[in-house]
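*Asks:* I need the structure of the sequence given here:
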Amino acid sequence: MGLFDFFSRPKKETLDQGLEKTKQSFISKIARAVIGKSRVDDEVLDKLEELLITSDVGVETTLKIIKRIQERVSRDKVLNTEEIQRILKEEISLLLEENPLKEFGAAQSLELENKKPYVIMVVGVNGVGKTTTIGKLAHKFKQANKKVVLGAADTFRAAAVEQLIIWADRVGVPIVQQGMNADPASVAFDTLQSAKSQNADVVIIDTAGRLHNKINLMNELTKIKKVMEKVVPGAPHEILLVIDGSTGQNAFEQAKHFSLATEINALAVTKLDGTAKGGVVIGISDQMNIPVKYIGVGEKMEDLQLFDRTVFVESLFSE
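*Replies:* Residues are numbered from 1 along each chain as shown. Next up, the predicted model:
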């Protein structure tokens, strides 16, 4: 079994429930956009554009989608508004499929199996669900009989260390921590040393969630990475940015800012179950040069899922 094979592809029923608020908002807006219209005209397209932007899909991605629909209207001459939901779904699906970034799959899973311990450094501003995401990941790895070690390198907030200790205890995995105000790089170093001595499979390192000063953040994360590299060559293998989907376009902006501060190679979008702004996942998947790897659609452990673009769009348009 590959390191991530236990992360089964998302079940559509679970996504349907998790995306309920987004779906209700999205489908009702589509209905309002075409009310009283028999065919797709400029007014309908303007309403669709407004629908996508207010659903936090993002301006650039919205303009791409509207342009595609305009081309279909021009080519097919007349498009019935009764088909607009199907057309919109098709164009969003095609747009995301054309993104050259690969979704996480079997090939990467096999490749990562050769990296032991596999080191994940988790970044993100405070309040986005970073610690909860780490706890859920640790739980999933443990359920797959992988030995996990956590590192509490977010040492600037006492609450961050305490929360991670609680999660470690809840999941039943060891944690390395030096308390508040300790040197984050020192915590990371000790965590990897401990993981190697325990022959651990996975290490998950929490880091500080500050973004107001990108220079300091960059320097801090660079220092942590250099220290880890000394203990485990190639570490960290994954730099996972956690962003809160309920903040809509703010989540997108955070992703862009963090990508300037460090070499992120995976995204986790959380709290999609409590918001109507799930459309932000479409914009992020289209615009970012970083793949969305996980989405959080609920409080339960199994509600952290691998992101599947096809299943996501299917769920978004299901009634």
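
*Asks:* Only C-alpha atoms from now on, for both contacts and neighbour counts.
*Replies:* Noted.

*Asks:* Check the offset of stretch 176-186 from the chain's centre.
*Replies:* Distance of stretch 176-186 from the chain centroid (C-alpha atoms, centre = their mean, to the nearest Å) equals 26 Å.

*Asks:* what comes into contact with that stretch?
*Replies:* Applying C-alpha atoms under 8 Å, 6 or more residues apart in numbering, the contact partners of stretch 176-186 are 149-158, 161, 187, 190-191, 194, 207, 220, 223-225, 227-228.

*Asks:* Would you check how far apart G18 and G234 are?
*Replies:* G18 is 36 Å from G234, where distance means C-alpha to C-alpha, to the nearest Å.

*Asks:* now F252
*Replies:* 28 Å.

*Asks:* out of these two, which sits in the more crowded spot?
*Replies:* For F252 versus G234, the count of surrounding residues by other C-alpha atoms under 10 Å is larger for F252: 22 against 15.

*Asks:* helix or strand for that one, which one?
*Replies:* helix 249-261 (DSSP states H and E).

*Asks:* ok, and what's touching that helix?
*Replies:* 56, 58, 124, 211, 214-215, 217-218, 241, 243-245, 264, 280, 283-284, 288.

*Asks:* Report the mean confidence score over that helix.
*Replies:* Averaging pLDDT along helix 249-261 gives 86.

*Asks:* what are the ranges of the strands in the chain?
*Replies:* 118-123, 148-152, 175-176, 202-206, 238-244, 266-270, 292-296, 304-306 (DSSP state E).

*Asks:* any chance of those strands in a markdown table, plus mean pLDDT, mean neighbour count and distance to V73?
*Replies:* As requested, those are exported to a markdown table (pLDDT from 0 to 100; neighbours: other C-alpha atoms under 10 Å; distance: least, C-alpha to C-alpha, whole Å):
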| stretch | mean pLDDT | mean neighbour count | distance to V73 |
| --- | --- | --- | --- |
| strand 118-123 | 95 | 24 | 44 |
| strand 148-152 | 97 | 28 | 54 |
| strand 175-176 | 98 | 22 | 58 |
| strand 202-206 | 96 | 27 | 49 |
| strand 238-244 | 94 | 25 | 36 |
| strand 266-270 | 93 | 25 | 34 |
| strand 292-296 | 91 | 25 | 31 |
| strand 304-306 | 88 | 22 | 35 |
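
*Asks:* right, and V161 touches G151 too?
*Replies:* No. Between V161 and G151 there is no contact under C-alpha atoms under 8 Å: 9.2 Å.

*Asks:* Can you mark which positions in stretch 304-317 are buried?
*Replies:* 304-309, 311-317 (16 or more other C-alpha atoms under 10 Å).

*Asks:* Buried ones only from the contacts of stretch 176-186, please, as a PyMOL command.
*Replies:* Listed next is the PyMOL selection for buried residues among these, using 16+ other C-alpha under 10 Å:
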select buried, resi 149+150+151+152+153+154+155+156+161+187+190+191+194+207+220+223+224+225+227+228
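
*Asks:* Just send the strands of the chain back as TSV, with distance to I30 too.
*Replies:* Below are the strands of the chain laid out as TSV (distance: least, C-alpha to C-alpha, whole Å):
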stretch	distance to I30
strand 118-123	36
strand 148-152	45
strand 175-176	48
strand 202-206	41
strand 238-244	25
strand 266-270	24
strand 292-296	24
strand 304-306	27
